[in-house]
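1. give me coordinates for this.
(2 chains)
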Amino acid sequence: MGARDPRRAEIPPGTLDMLILKTLSRGHMHGYGIAEHIHQMSEDVLEVEEGSLYPALQRLLIQGWVSAEWGQSENNRRARYYRLTRAGRKQLDQELSEFNRVIRAIGRVIRTA
Amino acid sequence: MNGFWRRLSILFRRGRVDRDLEEEMRFHLEMKAQAGGGTEEARYKAQREFGNLMLTKETSREMWGWVWLETLVQDLRYGARMLRKDPGFTFVATATLSLGIAVNSSIFSVISGCLLNKPAVEDPDRVVAVVSTNAARSLDRQGVSAVDFQAWRRANHVFADLAAVDPYRDFSLTGAGEPERITGMRVTANYFEVLGVPAFLGRTFLAGEDQPGRDHVVALAYSLWRRRFASDPKIIGKTVTLDGEKYVVIGVLPASFRQVAFLPRLWTPLVLASQDPKPNARDARDVRLFGRLKRGADLQRARADMSGLARRAEETYPASEKGWGANVMTLQEYGIEEDVIRPGLLLLMAAVVLVLILACANIANLLLSRAAKRQQEMAIRTAMGARRLRVIRQLLVESLLIALIGGCAGLVAAYLCIPVLRSMIGFNDYVSEIARDIQLDSRVLAFTSLISMGAALLFGLAPAMRVSAADPQNTLRKGGRTGDLSRGRGRNVLVGGEIALAMVLVTGAGLIIKATAEELSADFGFDPKHVLIAAVSLTDARYREPARRYAFFQNVVEKLGALPVVEAAGITNAVPFTVERRSFSIQGQPEVPAAERPKARYFLVSPGHFRVLSIPLLRGRPFRETDTAQAPRAAIVNRVFAERFFPGHNPLGHRIRVDHDAPGWSEIVGVVGNIKSFYGPKEEDAQVYEPYLQVPTEPEMWLTLRATGDSNLPARALRSAVWSVDPDQPIASVRTISRLIDEQQAGDYVFDALLGIFGAMAMVLAAVGIYGVVAYAVAQRTHEIGIRMALGASRGDVLRSVICKGMLLALGSAAVGVILAAPLPKLLESVLQPFQVHGLGILIGVPPLLLLVVLIAIYIPASRAARVDPMEALRYE
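-> Numbers count the residues shown, from 1 in each chain, chains lettered A, B, ... in the order given. Next up is the predicted model:
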């Protein structure tokens, strides 16, 4: 697979789920939409690889944090839309606060070091 | 947890998940291509970026965690297809295995029922038996004296409560129906509470019912209640007559309750004298103790506590307690004389495990032959990228399938065998009671699945490793000519091992059968044919006077003697196999304490008894009707007695005194032949007879009669003779002596028969094994044989060459087998004590027998090889 764009960054391990959940908190969306959304919102820094996106979505389905159903896409195609469940929203809140806590902690370490 | 259910539901909608994934990924791709401009190039770029669609789909699917199951199902399907494709192989393999499993499950069901079952009491691990031991006299499970019981019950620190039972209290049940002798047991009032067994109807004993005056209450066993009282639901509170006295029925015990070690049909309270015990009370060790351990007390502590108490008694009462200790055992240990049953069962188990191993070896052989044929298939799979582990797994799954089918078939076979086994084992009342527990229970099921799996690994692993290890390139290049595996050393080793193992098993079985057969065919010293015996017990108040008892017996014997079908009639205190030993003194020799006197088996008989059993008189005179209480006391001894105590002398005229209730000097008036007085491979023992009219008879005696031929008539005649003298007199255990002998010997017969069957199975399996290997080798070498014959080898040459190769292998393995079997006689003798194992004949005889069988097994394929038509063989290749 061709050379990597140097501006792009790897998604830190363990955060993909959170990003997907966060993305879905704005409303239901299909897989392609989720990838695009993360890509745009991160100002082209984060690129979600399909090879990790779909396994991650399956994982979230198993956990019951998202649900999926087929619907019409904006260009009138059949697409599978994912939606955050109540458990997923709770999970997102947890992950966000945990993430923020860790980020702040890392920040403190970096500043004082 | 929720996740699990979602996973599970997905398992059944796998197809949809797949379609969904595929569709949404395709949608993704298209969207991506469109975003890139919708051109062909954009499409390619999108695809490149997406990567391997299949792989993404699979990893997504793997999230559900069912992949292992799916491949397992695949393997199972494939395995089933392979087995279906080769029905001959499948049949032989599963049939062999089911045979091995059936015998294992059956024998294990016996072990499970007899050794592993917990007694039907509450919290059985906390209920124990307390016994007296005496190392010097090698007694390990004697009863305890009532005096000790009362002291120990008060002083121990380990039991919540301790109960005593007198297990040998039989009652005459009279009233409605024929009078009947019922085995009973007297128990202290707390007994059922200690066991934790509630009544099925009514209640069990109340505290205080084991006090004099309140003790005329009885609890019935379920079986007695059902048979004798027609399951009368209103039985509670009714009275029954036992030994001529009225007892109130207070309860019926549940059907599931079985007394450990004894077979009582009713229970009455055991009244223990609390004050002024008799002077010899300490020597009367006639009650058995059962206790329930306190919370926190275990067997170890109980043992320590009880031996401490026994030691204290030993110090306080050295005269009677010297040498006596106490031990605590679990109910299982106590219930089964482990030293008798356990080694036998374990030997049988060892034999069937060997049979199973042989069966596995045969299946492994078949698999190896098949593996040779399937090498190409496996090579292709490996070349296509299947990992080695995957190939092994797939082959193992096939083995597991064989094990599954074989295991199920074996289980069915065991299910059919168990009733047969149960009835074979039920040769006497107590054993058949235990045999009721022999079932296909959960333990047997678990055991069967375990050994099936184990067998699958045993016969499946080696072939799987072999096949998967083959180098695919090499195999494929050879293009179907199955080379290296066919000549595999592996199969020769397997068959060689089989022959050696079979040798060990057959030798062992032979040794045991020979040892017990010697016992079974031993001379009884009397003629058991046409002899009928019956027990009568003159226990009720009417017979308290000895004179009344004499009169009764005299009367009955006369009546019986007068019958035309009766050749002779007599009475005796003991029938063969249950004869007590009593100590005695010889006049003129220095007096020694009772414990140091010699002992002899003791009989109290009427003159007719010798004629009934046809015991030959060797010297002197027989007992006569004139040997009454008024005449001088007489005794008859057997040949062993005479030889042992009067070596080189004439014993006639000497006087002996037997220790019993009415000791007195009796003159030896005759010498008779030995009879086998108990069952067991011990040396012959000294026996002494006294006339029953000169010694106050024991209340329980046996009537014996010799009939003129086999018929049911004497049994009826005997009953009516007794009842014409006393209509309320129960008659128990009416049976022929032959039946009595059977009851003693049946166990050994069954044991021998089973061992014989297993030995034969081992021999057949080994023969089939070597047949398979030789037949396979012949089939593989058809081409070569054809060439040889074309070059001038005669049919005889071919025959000889095949047989030689096979027999060489067999001889080598037989030699190994002989070496392995050599220590067996010693080993078995130590296990089977006191049987003596004389092994040489068997050790020498078995190898030729086995080799003969093997030779036949080799001859069949060898003769086929000799019939090869060279033209055809060469054309065919």
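
2. which residues in the stretch 251-400 of chain B form helices?
-> Secondary structure of the stretch 251-400 of chain B (DSSP state H, counting those that start in this stretch): helices located at B:299-316, B:318-321, B:331-335, B:338-383, B:388-425.

3. to clarify, my last question referred to chain A.
-> A:16-24, A:31-41, A:50-63, A:86-112 (DSSP state H).

4. who's in contact with B:Tyr247?
-> By CB atoms under 8 Å, 6 or more residues apart in numbering or on different chains, the contact list for B:Tyr247 reads B:216-218, B:239-241, B:268. No exception for glycine: its C-beta is placed from N, CA and C like everyone else's.

5. before we move on, what about B:Tyr222?
-> Taking CB under 8 Å, 6+ apart, we find B:Tyr222 in contact with B:200, B:252-255, B:257.

6. want to throw the helices of chain A into JSON lines with mean pLDDT and distance to chain B?
-> Listed next are the helices of chain A as JSON lines, based on pLDDT from 0 to 100; distance: least, CB to the nearest CB, whole Å:
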{"stretch": "helix A:16-24", "mean pLDDT": "92", "distance to chain B": "12"}
{"stretch": "helix A:31-41", "mean pLDDT": "91", "distance to chain B": "4"}
{"stretch": "helix A:50-63", "mean pLDDT": "87", "distance to chain B": "4"}
{"stretch": "helix A:86-112", "mean pLDDT": "91", "distance to chain B": "9"}
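
7. neighbours of residue 84, how many?
-> Let's take chain A. A:Leu84 has 24 neighbours, counted by other CB atoms under 10 Å in any protein chain shown.

8. that's the wrong chain, I meant chain B
-> 9.

9. likewise B:Met761?
-> 23.

10. part of a helix, is it?
-> Yes - assessed with DSSP: H, G, I helix; E, B strand; the rest coil, B:Met761 lies in a helix.

11. so where does B:Leu604 fall, helix or strand?
-> strand B:599-605 (DSSP states H and E).

12. contacting residues around that strand?
-> Strand B:599-605 is contacted by residues B:570-574, B:579-584, B:609, B:623, B:637, B:641, B:658, B:660, B:677-678, B:685-692, B:695, B:697-698, B:701 when judged by CB under 8 Å, 6+ apart.

13. likewise stretch B:749-762?
-> Contacts for stretch B:749-762 (CB under 8 Å, 6+ apart): B:99, B:103, B:107, B:344, B:347-348, B:351-352, B:354-355, B:358, B:424-425, B:427, B:501-502, B:505-506, B:508-510, B:512-513, B:516-517, B:520.

14. only alpha carbons, please: show that stretch as CSV.
-> Only the C-alpha atoms of stretch B:749-762 are listed here, as CSV (Å, rounded to 0.1, in the frame of the first residue of the first chain):
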residue,chain,number,x,y,z
TYR,B,749,-16.6,-68.4,39.2
VAL,B,750,-17.8,-65.0,38.0
PHE,B,751,-14.3,-63.6,38.5
ASP,B,752,-12.7,-66.4,36.6
ALA,B,753,-15.3,-66.3,33.8
LEU,B,754,-14.8,-62.5,33.3
LEU,B,755,-11.0,-62.9,33.4
GLY,B,756,-11.3,-65.7,30.9
ILE,B,757,-13.4,-63.6,28.6
PHE,B,758,-11.0,-60.6,28.8
GLY,B,759,-8.0,-62.9,28.2
ALA,B,760,-9.7,-64.3,25.1
MET,B,761,-10.5,-60.8,23.9
ALA,B,762,-6.9,-59.8,24.3
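
15. tell me the buried residues in it?
-> Within stretch B:749-762, the residues that qualify as buried are B:750-752, B:754-755, B:758-759, B:761-762, counting by 16 or more other CB atoms under 10 Å in any protein chain shown.

16. domains of chain B?
-> Domain segmentation of chain B under automatic domain parsing yields B:2-65, B:70-121+B:340-479, B:137-322, B:487-523+B:746-877, B:539-728.

17. report the buried members of the contacts of stretch B:749-762.
-> The buried subset of these (16+ other CB under 10 Å) comprises B:99, B:103, B:107, B:344, B:347-348, B:351-352, B:354-355, B:358, B:424-425, B:427, B:501-502, B:505-506, B:508-510, B:512-513, B:516.

18. and the stretch 601-750 of chain B, which residues reach chain A?
-> Among all residues of the stretch 601-750 of chain B, none is adjacent to chain A (criterion: CB under 8 Å from any CB of the partner chain).

19. so which residues of the stretch 601-750 of chain B form strands?
-> B:617-620, B:634-638, B:655-658, B:666-672, B:687-691, B:700-707, B:731-736 (DSSP state E, counting those that start in this stretch).

20. turn those strands into JSON lines, columns for mean pLDDT and mean neighbour count.
-> Formatted as JSON lines, the strands of the stretch 601-750 of chain B follow (pLDDT from 0 to 100; neighbours: other CB atoms under 10 Å in any protein chain shown):
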{"stretch": "strand B:617-620", "mean pLDDT": "92", "mean neighbour count": "15"}
{"stretch": "strand B:634-638", "mean pLDDT": "94", "mean neighbour count": "26"}
{"stretch": "strand B:655-658", "mean pLDDT": "93", "mean neighbour count": "20"}
{"stretch": "strand B:666-672", "mean pLDDT": "94", "mean neighbour count": "22"}
{"stretch": "strand B:687-691", "mean pLDDT": "94", "mean neighbour count": "25"}
{"stretch": "strand B:700-707", "mean pLDDT": "89", "mean neighbour count": "23"}
{"stretch": "strand B:731-736", "mean pLDDT": "82", "mean neighbour count": "17"}
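
21. and the pLDDT at the residue nearest to B:Ala164 when sequence neighbours are not counted?
-> Among residues not flanking B:Ala164 along the chain, B:Val287 sits closest, at 4.2 Å (CB to CB, 6 or more residues apart in numbering or on different chains). The model reports B:Val287 with a pLDDT of 89.

22. how deep is B:Val287 tucked in, by neighbour count?
-> Residues near B:Val287, counting by other CB under 10 Å: 22.

23. that one contacts B:Phe149, doesn't it?
-> Yes - taking contacts as CB atoms under 8 Å, B:Val287 lies within contact range of B:Phe149: 5.8 Å.

24. residues shared between the contacts of those two?
-> Here B:Val287 and B:Phe149 share the contacting residues B:Ala164, scored by CB under 8 Å, 6+ apart.

25. beta partners for B:Trp324?
-> B:Asn134 (DSSP bridges).

26. again with B:Gly570
-> B:Thr704.

27. residues contacting it?
-> B:557, B:605-612, B:703-705.

28. 7 Å - rerun?
-> B:557, B:605-606, B:608-609, B:611-612, B:704 (CB atoms under 7 Å, 6 or more residues apart in numbering or on different chains).

29. ok, now how distant is it from B:Arg639?
-> 20 Å (CB to CB, to the nearest Å).

30. check B:Lys32 too.
-> Taking CB to CB, one finds B:Lys32 at 111 Å from B:Arg639.

31. what's the answer for B:Leu97, then?
-> B:Leu97 is 56 Å from B:Arg639, by CB to CB.

32. which one's more surrounded, the two?
-> B:Leu97 (29 against 19).

33. what is the neighbour count of the closest residue to the more buried one other than its chain neighbours?
-> Nearest residue to B:Leu97, sequence neighbours excluded (CB to CB, 6+ apart): B:Gly406, at 3.0 Å. For B:Gly406, the count of nearby residues is 26 (other CB under 10 Å).

34. what's B:Gly406 in contact with, if anything?
-> Neighbouring residues of B:Gly406 by CB under 7 Å, 6+ apart: B:94, B:97-98, B:101, B:452.

35. that older thread, need the strands of the stretch 601-750 of chain B in a markdown table (columns: distance to B:Gly291).
-> Shown next, in a markdown table, are the strands of the stretch 601-750 of chain B (distance: least, CB to CB, whole Å):
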| stretch | distance to B:Gly291 |
| --- | --- |
| strand B:617-620 | 52 |
| strand B:634-638 | 43 |
| strand B:655-658 | 37 |
| strand B:666-672 | 44 |
| strand B:687-691 | 39 |
| strand B:700-707 | 30 |
| strand B:731-736 | 32 |
